[in-house]
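A.B. asks: Take this sequence and fold it.
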Amino acid sequence: MFISEFHVAKINKCKHMKRHEAIAPLSRDHHSSLLLAQLLKKNAPVYRDMPVNAKDKVKYAQQQFEVHIKKHFVQEETLLEFAKDSHTEINTLAEEIKTDHRELTDLFQALETATDKESAMDTLGIALENHIRKEERILFPLLQQHCSEEMLQEIHNLLH
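C.D. replies: As a prediction, the model looks like this:
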């Protein structure tokens, strides 16, 4: 998970950029996934109305993956396919995002059979958080910067 100097400059430039409505649904989805990431990490605090023990956390994580996150990955990959060639950095990042999705899918699937559930959950929590931060801080600002208003409208139509 390499972040180039270019990415750091983009992060600093785009920190306070308002999310375009076309990609806002994906951004809103990230809120619950970030909460899940925190829940899975070692030494996670107890969250109200959330699972507490490892067995229940694994069950909850797998349910979130099956019901919400899988669909979210498909939507993002559809968006990335649509936005390809709008900027070289988006193309490069798109490959990273797709790789992240495959790795995260494997981590979610490995939870059930992991012998050390705490470590498996921690690894997944950290990876999920890093992935979401990459999209929020790098990918989404790049899309907003380099996609035309017409393209953003088409993305809106794809996601709504």
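A.B. asks: tell me which residues in the longest helix seen in the chain are buried?
C.D. replies: Among the segments of the chain that qualify as a helix by DSSP state H, the longest is helix 88-110. Across helix 88-110, burial judged by 16 or more other Cβ atoms under 10 Å covers E89, I90, L93, A94, E96, I97, D100, H101, L104, L107, F108. To be clear about C-beta, it is placed using only N, CA and C from the backbone, and glycine gets the same treatment.
A.B. asks: Next: stretch 124-133.
C.D. replies: L124, G125, A127, L128, E129, H131, I132, R133.
A.B. asks: How about stretch 47-57?
C.D. replies: Quick answer for stretch 47-57 (16+ other Cβ under 10 Å): A54, K57.
A.B. asks: residues in contact with that stretch?
C.D. replies: L35, Q38, L39, L40, V46, K59, Y60, K117, E118, M121 (Cβ atoms under 8 Å, 6 or more residues apart in numbering).
A.B. asks: Weed out the non-buried ones from those.
C.D. replies: Among these, those buried by neighbour count (16+ other Cβ under 10 Å) are L39, L40, K117, M121.
A.B. asks: Not counting residues beside it along the chain, what's closest to the second one?
C.D. replies: This means L40. With Cβ to Cβ, 6 or more residues apart in numbering as the criterion, L40 has its nearest non-adjacent residue at 3.4 Å, and that residue is G125.
A.B. asks: who touches that neighbour in this structure?
C.D. replies: Listed by Cβ under 8 Å, 6+ apart, the contact set of G125 reads L36, A37, Q38, L39, L40, K41, A44.
A.B. asks: and these as a markdown table, adding pLDDT and secondary structure?
C.D. replies: Shown next, in a markdown table, are the contacts of G125 (pLDDT from 0 to 100; DSSP: H, G, I helix; E, B strand; the rest coil):
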| residue | pLDDT | secondary structure |
| --- | --- | --- |
| L36 | 97 | helix |
| A37 | 98 | helix |
| Q38 | 97 | helix |
| L39 | 97 | helix |
| L40 | 98 | helix |
| K41 | 97 | coil |
| A44 | 91 | coil |
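A.B. asks: quick check, nearest of these to I138?
C.D. replies: Nearest to I138 out of the contacts of G125 is A37 (Cβ to Cβ; 17.2 Å).
A.B. asks: Near that closest one, how many other residues are there?
C.D. replies: Look at A37: counted by other Cβ atoms under 10 Å, it has 23 neighbours.
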